[in-house]
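Engineer: quick check, what structure comes out for this input:
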Amino acid sequence: MPPKAKKTLPWTESHKKNFSWLFNTYIKTHPDANKETFIDIDKRSLMTFIDTYEAWGDGSKEAQLFMVARYLHNKNPSDKYSSRYSNKGHEYMMKNRNKEDDNQLDDKELNSYRSHEFFEALIDDIDISTFTTTEERMKYLLLNMLVYQPPLRTSFYSSAKIIKTKKENDKETNFVSINRRGSLKVSYIVNKDKASNYKIYKMNKNLSSIVVEDKKLAELINESYNKYPREYLFIGNKGNKVSDGTLLTWLKDITGIDGLNFDIMRSSYITWFYQNNKTFGQKTKLAKQMRHSAETAARNYNKIFDISPEVIQNQNTELLLKLKALEEQLQECQIKNKSVEEDSKLFKKRRSDIIYRINKGTKPKESTLKIYKITQDQETNVYK
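Structural biologist: Now for the predicted structure:
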């Protein structure tokens, strides 16, 4: 009787994304590669490519190696290269697990990690009155949602639709619910994500609803929807739904940090939260808001620094000062450009809108006052 053939293993959405990611990276240096055959043809050399690709951290390399192992196994369960890739992936897995056990930052995280306080200061320093496109406002909204609310995984933000009533919740799609009956209440509704099949979330469906507790963030989300009524939470300049990759690009653009990603934002938030909230109950609540376990948060995201917090804070301050200097240079250029535009209808409309908001209580930035030549009457305190 012949030996029983090995079964093929699941080829998930995660495998598909990693497959496309690997090909899109590989083709930059191997332009003749074909997406349908590149793993089969280059399996002898592809491991070295993954192992030595400097732009990827150890976690990315682990995921890619296991993906290739799964691909080769499903093509031919007896392929010896499937085992080789699996073994190499296991080496990276153990290496990464040791780092996680020690709560160490890997090299990629060290270069891109910033404290929670850094991102708060960055938001405070952004002058939203200078925004001219939908995309700029979407970037700003994204950053606020990752700083003032426990961050979820990327897929939530790219897939979420906006609803205003409970009846619109189909129990399958991800949503942001904006309830304006009485006091404003904004909630995330997570019906589909990596944690959907975890026992705790399958048994307790109430955990799929996450209240946005920061009032300013709730108001920002509501204002964003009022200004741009739309189906999806995030849209591009043409009103189109955006991808995970676009959101990642937006995050890098608005922060100016090339290696920043959503995992680092989650890590930054958790590290800050753990420093300020010590009880197990608080940490458990946070874990449920972020759709993982408290153990996962402590092991994978809460980071211990090899250098002192004072040094990291100094680095953050130094970066903010550099950013401030660049913004001042930009503002000077804007002032010069605006002087040419002063007679335009758009300039006058923006100036009028800004004066209205300031006189209603919005705190103005000096740069905005300069750009639009707005002054305050010393007797009446009215801006004009």
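
Engineer: going by C-alpha atoms from here, please, whenever you check contacts or count neighbours.
Structural biologist: Fine.

Engineer: show me the domain layout of the chain.
Structural biologist: What automatic domain parsing lists as the domains of the chain is 13-101, 111-301, 309-371.

Engineer: mean neighbour count, distance to residue 7 and mean pLDDT added to those domains, as TSV?
Structural biologist: TSV is the format used below for the domains of the chain (neighbours: other CA atoms under 10 Å; distance: least, CA to CA, whole Å; pLDDT from 0 to 100):
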stretch	mean neighbour count	distance to residue 7	mean pLDDT
domain 13-101	16	8	89
domain 111-301	17	23	87
domain 309-371	14	50	63
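
Engineer: put together CSV for those, with distance to residue 377 on each row.
Structural biologist: Supplementary listing: the domains of the chain in CSV, determined by distance: least, CA to CA, whole Å:
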stretch, distance to residue 377
domain 13-101, 55
domain 111-301, 21
domain 309-371, 11
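
Engineer: got the phi and psi for the one residue sitting closest to the centre of the chain?
Structural biologist: When CA atoms, centre = their mean is applied to the chain, the residue found nearest the centroid is residue 262 (3.6 Å). Backbone geometry at residue 262, expressed as degrees, to the nearest 10, gives phi -70, psi -30.

Engineer: residues contacting the spatially closest residue to it that is not a sequence neighbour?
Structural biologist: Among residues not flanking residue 262 along the chain, residue 154 sits closest, at 6.3 Å (CA to CA, 6 or more residues apart in numbering). The neighbourhood of residue 154, defined by CA atoms under 8 Å, 6 or more residues apart in numbering, consists of 244, 247, 262.

Engineer: what's the closest of these to residue 159?
Structural biologist: residue 244 (8.7 Å; CA to CA).

Engineer: who's in contact with the closest one?
Structural biologist: Residues in contact with residue 244 (CA under 8 Å, 6+ apart) are 154, 155, 157, 158.

Engineer: inside strands: which ones of those?
Structural biologist: Taking DSSP state E, every one of the contacts of residue 244 sits outside strands.

Engineer: which among the residues you listed gets closest to residue 143?
Structural biologist: Closest approach between the contacts of residue 244 and residue 143, by CA to CA: residue 157, at 11.3 Å.

Engineer: thought the closest one was touching residue 241?
Structural biologist: No. With contact defined as CA atoms under 8 Å, residue 157 does not count as touching residue 241 (10.6 Å).

Engineer: what do those two both touch?
Structural biologist: Shared contacts of residue 157 and residue 241 (CA under 8 Å, 6+ apart): residue 234.

Engineer: of the contacts of residue 244, closest to residue 36?
Structural biologist: The closest of the contacts of residue 244, once distances to residue 36 are taken by CA to CA, is residue 155, at 25.7 Å.

Engineer: just the helices in the stretch 151-300 of the chain please.
Structural biologist: Counting by DSSP state H, counting those that start in this stretch, the segments of the stretch 151-300 of the chain that form helices are 154-159, 199-203, 215-227, 244-255, 262-276, 280-289, 294-296.

Engineer: between these, which one is closest to residue 112.
Structural biologist: Among these, helix 262-276 sits nearest to residue 112 (CA to CA), with 7.8 Å.

Engineer: columns distance to residue 90 on top of the helices of the stretch 151-300 of the chain, output as JSON lines?
Structural biologist: Conversion of these to JSON lines gives the following (distance: least, CA to CA, whole Å):
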{"stretch": "helix 154-159", "distance to residue 90": "26"}
{"stretch": "helix 199-203", "distance to residue 90": "26"}
{"stretch": "helix 215-227", "distance to residue 90": "41"}
{"stretch": "helix 244-255", "distance to residue 90": "27"}
{"stretch": "helix 262-276", "distance to residue 90": "21"}
{"stretch": "helix 280-289", "distance to residue 90": "27"}
{"stretch": "helix 294-296", "distance to residue 90": "19"}
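
Engineer: and the strands in the stretch 251-384 of the chain?
Structural biologist: Assigned by DSSP state E, counting those that start in this stretch, the stretch 251-384 of the chain shows no strands.

Engineer: do the same with the stretch 101-250 of the chain
Structural biologist: 161-163, 175-179, 185-189, 209-211.

Engineer: give me the contacts around the first one.
Structural biologist: It stands for strand 161-163. Counting by CA under 8 Å, 6+ apart, 169, 173, 174, 175, 176, 177, 178, 230, 231, 232, 233 sit against strand 161-163.

Engineer: give me that answer again for 7 Å
Structural biologist: 174, 175, 176, 177, 178, 231, 232, 233 (CA atoms under 7 Å, 6 or more residues apart in numbering).

Engineer: find the residue closest to residue 8 in space, skipping its chain neighbours.
Structural biologist: Leaving out its chain neighbours, the residue that sits closest to residue 8 by CA to CA, 6+ apart is residue 74, at 4.9 Å.

Engineer: separation between that neighbour and residue 232?
Structural biologist: Computed with CA to CA, to the nearest Å, the distance linking residue 74 and residue 232 is 36 Å.

Engineer: cool, residue 287 as well?
Structural biologist: 26 Å.

Engineer: before we move on, what about residue 23?
Structural biologist: From residue 23 over to residue 232 (counting by CA to CA), the distance is 29 Å.

Engineer: same check on residue 256?
Structural biologist: Relative to residue 232, residue 256 is positioned 25 Å away (CA to CA).

Engineer: cool, residue 80 as well?
Structural biologist: 45 Å.

Engineer: repeat that for residue 355.
Structural biologist: From residue 355 to residue 232 the distance is 31 Å (CA to CA).

Engineer: go on, residue 245?
Structural biologist: Taking CA to CA, one finds residue 245 at 16 Å from residue 232.

Engineer: what does residue 52 give?
Structural biologist: Using CA to CA, residue 52 is found at 39 Å from residue 232.
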